[in-house]
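Peer 1: My questions concern the predicted model and sequence given below.
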Protein chains: 2
Amino acid sequence: MTARRLFTSVAAGAALALGFATPAHAATPDGVAQSFLWVAVILVVAKLGTFVERAGQPAVLGEILAGVVLGNLTLAGIGFFGPMAGDTVIAFLAQLGAVILLFQIGLESNVASMRRVGARAFWVAAIGVAAPFALGTYLVGPWLLPGLAPAAYLFLGAALTATSVGITGRVFRDAGVLQRTESQIVLGAAVIDDVLGLMILAVVASIATSGVVDAADLGLTVLQVLGFLVGALVLGQLGAPALSRGFAKISRSAGMKLTVALALCLAFAYVAHLIGLAPIVGAFAAGLVLEEVHFKDFEAPRIRAEVLGAVEGADGRTRARVGEILDRHRDRHLEHLVDPVGHFLVPIFFVAAGMQVKLEALADPSILVLAATLTAVAIAGKLVAGLAAGNCDRWLVGWGMVPRGEVGLIFAFVGKSLGVLDDQLFAVVVLMVVGTTLVTPPVLAWLLRRRPAPAGALPTPKAATAD
Amino acid sequence: MTARRLFTSVAAGAALALGFATPAHAATPDGVAQSFLWVAVILVVAKLGTFVERAGQPAVLGEILAGVVLGNLTLAGIGFFGPMAGDTVIAFLAQLGAVILLFQIGLESNVASMRRVGARAFWVAAIGVAAPFALGTYLVGPWLLPGLAPAAYLFLGAALTATSVGITGRVFRDAGVLQRTESQIVLGAAVIDDVLGLMILAVVASIATSGVVDAADLGLTVLQVLGFLVGALVLGQLGAPALSRGFAKISRSAGMKLTVALALCLAFAYVAHLIGLAPIVGAFAAGLVLEEVHFKDFEAPRIRAEVLGAVEGADGRTRARVGEILDRHRDRHLEHLVDPVGHFLVPIFFVAAGMQVKLEALADPSILVLAATLTAVAIAGKLVAGLAAGNCDRWLVGWGMVPRGEVGLIFAFVGKSLGVLDDQLFAVVVLMVVGTTLVTPPVLAWLLRRRPAPAGALPTPKAATAD
């Protein structure tokens, strides 16, 4: 054994010594170092992927496509990156990236504007669940795949109801249009959709296993979910100032401010998961309740005091202009602090998502036709929902609801684990999820170019996303 | 099965669908959500721990002590946090935190100032390896623990040679004294120490296994390590501008700049690990070669253009003062971008390190006495080395070299895995590592207060660490 190899191999032991891993599920520092490499690779390909911005496409599409390439290099005989897809650390970082993204989106939204679009968001969500469900369960299912058990059609319909807000949120955020009415409706509807989806899953799973709906169980689920959302918003808004004041007593630094905010985000994500919601819903709620004003006990950005001191002797007009810029900067301080964390982690989510697309599946024409049809239905169902958005760009709302993402996959997996969906149907649902995810970013980008923000809307300055 | 539980339990399936985990080592989203909670808990206790700053102690000591409390709550009958110590994701994030910390320290250092103190750092490292090794192997080992095999004394001495720069680097950084001569010497000496340690490990492992030294193997190790360090510094300094120019062609955003820098940091950490060095040495090297000037093709902080525009009409003196502040800000832009990532991840490293301290071990008086003696020897050996630091605060240099950290543990583990160190001796070495780690931050804080920076040194403004 060479000394070098010895040194490397015992690193696992050192990890144990540091208690960083129990023997039961030990991450060797070999594994840790390997994950460092995977993260570096993912960041580089993600950034290479953003080359699509040159073609007017959203960066997120490039990141997903970069992931598709990375995940299918084995087809080209390059197996080196194969283990990346199975790396638990990468899996975690991807999920953490999604949580940070929704936290950022929540920070840039606020409860008041969400409440303003509440009713419209509810109708978009309700129709966006009902229409695809009806289309899938009663029309496309029996028509395309005759002779299956009724429960199979139920799950097919249920898988079509999901909305994954990650893609749309990212496109809207990068385009600086998160404050537009359409964006707020989509965000609100996606949260409501997650709640409705939880109930639908409870119902169809009950039917598939026992043939009947367990009303008490369903009621409990609904109560818990509503309790979490209301509790998060009410307690969050009431408790955040006290939390902030308490920690500011220990230190008023920007680091403390960021850390408290991130801890709250992760705690909310955990509780959401406990309730049965997606962690990203909790992260979004955390971002929603946190406002810069809650952190007034913390230090403002240091550059503020320096520049204010430097312009003290200047004329009144200069002082006023500089003061206004610095105020705007201070009011987004928390967002600016979270941004670098997002730059680091968010691309990991989208590249990892792209890596899941298995190009081999496209080789079977019959599955391809089924998947294409189901994707068309999935899109149509959400576009119908967009019509309920009232006086705004209804196409933008409808397309914003199209991506199914990981939520649709959860439905498919429940169906598969209950033995209701067979392998073929499962593959079709997965392809539908991929299809809706890939087609949305370019369409949204095109719609945003065609229909710029109407007068009265407040476009977010792009500055919010960089710096 | 309730719908809620069903929903939760199948989340594992969804993770598989997203390919986020292979069945072989599946991280269930249950596990992912659990890790969210652990991270939130760690961030909160870390920040509560920084309360020690009120007592004039460095924040890092508070973070470690918070980890000690968290890791020993089972002694108080609270078992809830027990699984945290075995969470592979927390283990990874802790290591990532150490890598980010050393990257930050590297960014705030530069090759020229390291070269200026090179010779002194070499002597500090050489004596800091030789003195503790001789004391441990030939004096304290045979005296305290008579009758062991010679190889046991060799490993005891070898475990005393290590230097872990994380603690000291953090204390110096938080105190804003990274630019002081003493800090630069400690950083340089720690890197050299890692290289020397690798050679010592090769030698003592050879002796323990075959009784002789394999000169060819040792030579190869040395060549590889020197090749990496020289290659990293030379190629990094030559290659970074080209790399930066290339990615700036895709996007000139701050996000791109940060991501490219982090990818380089992680890639260097991986290569260092491949060679047999600690990943943090690679991260430090990456930070050392990256200079703000390499990123001149990227956008400056957006606030710069805004404020410059606002003061355009002001008097010349105001313009000059504002311009100077903004230039200083721009020249640290990359550091400021990495800071929030560090705020997030670095405390995880120190809390996780503290969690490894098992207070039960302190119950055995004989082990305690041995450990205390070994700790005293460990400190004395490095203080002797500090005397080689020449015209500066030699005590500060010596104490800066004291913490053994994970590097000392690696030695102990090799010795244990080769059957050279028994359980008792191993426990003593671990306690010595813990002792040197805990005692250093308060001593460094005290020394820094007693002996402020001499004239001519450029203290880093604290602003560098927050914002």
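Peer 2: Looks like it arrived, so ask away. Residues are numbered from 1 along each chain as shown, chains lettered A, B, ... in the order given.

Peer 1: where does the residue positioned nearest the centre of chain A sit relative to A:Thr437, distance-wise?
Peer 2: The C-alpha lying nearest the average C-alpha coordinate of chain A belongs to A:Gly166 (Cα atoms, centre = their mean; 3.0 Å). Going from A:Gly166 to A:Thr437 by Cβ to Cβ, to the nearest Å gives 9 Å. Using the backbone N, CA and C atoms, a C-beta is placed for each residue, glycine as well.

Peer 1: anything in contact with each of the two?
Peer 2: A:Pro403, A:Gly405 (Cβ atoms under 8 Å, 6 or more residues apart in numbering or on different chains).

Peer 1: OK, contacts around the residue nearest to the centre of chain A?
Peer 2: By Cβ under 8 Å, 6+ apart, the contact list for A:Gly166 reads A:Ala98, A:Leu101, A:Leu102, A:Ile280, A:Phe349, A:Phe350, A:Pro403, A:Gly405.

Peer 1: so how far is A:Val346 from the first one?
Peer 2: Same thing as A:Ala98. A:Ala98 is 8 Å from A:Val346, where distance means Cβ to Cβ.

Peer 1: The residue in the stretch 301-450 of chain A that chain B sits nearest to sits in which helix or strand?
Peer 2: Of all residues in the stretch 301-450 of chain A, A:Phe413 sits closest to chain B, at 3.5 Å by Cβ to the nearest Cβ. Element membership of A:Phe413 [criterion: DSSP states H and E] is helix A:405-417.

Peer 1: Could you list the buried residues of the next helix-or-strand element following that helix?
Peer 2: Remark: after helix A:405-417, the chain's next helix or strand is helix A:423-450, criterion DSSP H and E. Buried residues in helix A:423-450, counting neighbours by 16 or more other Cβ atoms under 10 Å in any protein chain shown, are found at A:425-445, A:447-448.

Peer 1: And for A:Gly147, the neighbour number?
Peer 2: 6 (other Cβ atoms under 10 Å in any protein chain shown).

Peer 1: now swap in A:Leu96 and tell me
Peer 2: 26.

Peer 1: Now do the same for whichever residue of the stretch 101-250 of chain A sits closest to chain B: its pLDDT.
Peer 2: Scanning the stretch 101-250 of chain A for the residue nearest chain B gives A:Ala202, at 3.1 Å (criterion: Cβ to the nearest Cβ). For A:Ala202, the pLDDT comes out at 70.

Peer 1: Against which helices or strands is the helix or strand encompassing A:Arg304 packed?
Peer 2: Using DSSP H and E, A:Arg304 sits within helix A:302-310. The contact analysis (3 or more Cβ pairs under 8 Å, 6 or more residues apart in numbering or on different chains; DSSP states H and E) places helix A:302-310 against helix A:316-331, helix B:316-331.

Peer 1: Please work out the angle formed by the directions of the helix or strand that the last one is followed by and helix B:423-450.
Peer 2: If I follow you right, that is helix B:316-331. Using DSSP H and E, the next helix or strand after helix B:316-331 towards the C-terminus is helix B:333-355. Put simply, helix B:333-355 runs at 140 degrees to helix B:423-450, going by axes from the mean of the first three to the mean of the last three Cα atoms, to 10 degrees.

Peer 1: closest one to B:Leu156 among the helices and strands packed on helix A:302-310?
Peer 2: Closest approach to B:Leu156 among those (Cβ to Cβ): helix B:316-331, 46.9 Å.

Peer 1: to the chain's geometric centre, what's the distance from the closest one?
Peer 2: The chain centroid and the centroid of helix B:316-331 are separated by 34 Å under Cα atoms, centre = their mean, to the nearest Å.

Peer 1: Quick one: residues in contact with that helix.
Peer 2: The contact list for helix B:316-331, computed with Cβ under 8 Å, 6+ apart, reads A:303, A:306-307, A:310-311, A:313-314, A:318, A:322, B:292, B:300-301, B:303-304, B:307-308, B:311-312, B:314, B:336.

Peer 1: Filter the residues you listed down to just the buried residues.
Peer 2: Burial by neighbour count, 16+ other Cβ under 10 Å: within these this picks out A:303, A:306-307, A:310-311, A:314, A:318, A:322, B:300-301, B:303-304, B:307, B:311, B:314, B:336.

Peer 1: Mind jotting down where the helices sit in the stretch 151-300 of chain A?
Peer 2: Using DSSP state H, counting those that start in this stretch, the helices assigned to the stretch 151-300 of chain A run over residues A:165-174, A:181-210, A:215-250, A:254-275, A:279-289.

Peer 1: Most tightly packed of the ones you listed?
Peer 2: Neighbour counts (mean count of other Cβ atoms under 10 Å in any protein chain shown) averaged over each of the helices of the stretch 151-300 of chain A peak at helix A:279-289, with a mean of 28.

Peer 1: So which bits of the stretch 151-300 of chain A are right by chain B?
Peer 2: By the rule Cβ under 8 Å from any Cβ of the partner chain, the part of the stretch 151-300 of chain A lying against chain B is A:198, A:201-203, A:205-206, A:209, A:214, A:217-218, A:220-221, A:224, A:247, A:250-251, A:253-256, A:258-260, A:262-267, A:269-270, A:273-276, A:279, A:299.

Peer 1: please redo it, this time with the cut-off set to 7 Å
Peer 2: A:198, A:201-202, A:205-206, A:217-218, A:221, A:247, A:250-251, A:253-256, A:258-260, A:262-263, A:266-267, A:269-270, A:273, A:276, A:279 (Cβ under 7 Å from any Cβ of the partner chain).

Peer 1: Now do the same for the residue lying closest to A:Arg170 once chain neighbours are set aside: helix, strand or coil?
Peer 2: Spatial nearest neighbour of A:Arg170, chain neighbours left out: A:Val60 (4.6 Å); criterion: Cβ to Cβ, 6 or more residues apart in numbering or on different chains. Three-state call for A:Val60 (DSSP: H, G, I helix; E, B strand; the rest coil): helix.

Peer 1: Could you do A:Asn391 as well?
Peer 2: Put simply, A:Asn391 is coil when judged by three-state DSSP.

Peer 1: so how many other residues sit close to it?
Peer 2: 8.

Peer 1: Tell me the pLDDT of it.
Peer 2: 81.

Peer 1: picking up where we left off before, could the contacts of A:Gly166 be laid out in TSV, adding pLDDT?
Peer 2: Output for those, formatted as TSV (pLDDT from 0 to 100):
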residue	pLDDT
A:Ala98	86
A:Leu101	88
A:Leu102	82
A:Ile280	80
A:Phe349	87
A:Phe350	85
A:Pro403	88
A:Gly405	72
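
Peer 1: Give me the below-cutoff pLDDT ranges for the stretch 101-250 of chain A.
Peer 2: Along the stretch 101-250 of chain A, segments meeting pLDDT under 70 span A:212-213.

Peer 1: mind redoing it with 90?
Peer 2: Applying pLDDT under 90 to the stretch 101-250 of chain A picks out residues A:101-102, A:104-122, A:125-126, A:129, A:136-250.

Peer 1: got it, and the stretch 351-467 of chain A?
Peer 2: Within the stretch 351-467 of chain A, the segments meeting pLDDT under 90 span A:352-372, A:384-398, A:400-401, A:403-442, A:444-467.

Peer 1: try 80
Peer 2: Along the stretch 351-467 of chain A, segments meeting pLDDT under 80 span A:353, A:356-364, A:405-419, A:421-424, A:426-427, A:430, A:451-467.

Peer 1: Pull out the buried positions in stretch A:404-422.
Peer 2: With burial defined by 16+ other Cβ under 10 Å, the residues of stretch A:404-422 counted as buried are A:404-416, A:418, A:420-421.

Peer 1: hang on, the earlier thing: in JSON lines: the helices and strands packed on helix A:302-310, plus mean pLDDT.
Peer 2: As requested, those are arranged in JSON lines below (pLDDT from 0 to 100):
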{"stretch": "helix A:316-331", "mean pLDDT": "83"}
{"stretch": "helix B:316-331", "mean pLDDT": "83"}
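
Peer 1: Let me have these in TSV, adding distance to B:Ala285 as columns.
Peer 2: Below are the helices and strands packed on helix A:302-310 laid out as TSV (distance: least, Cβ to Cβ, whole Å):
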stretch	distance to B:Ala285
helix A:316-331	34
helix B:316-331	21
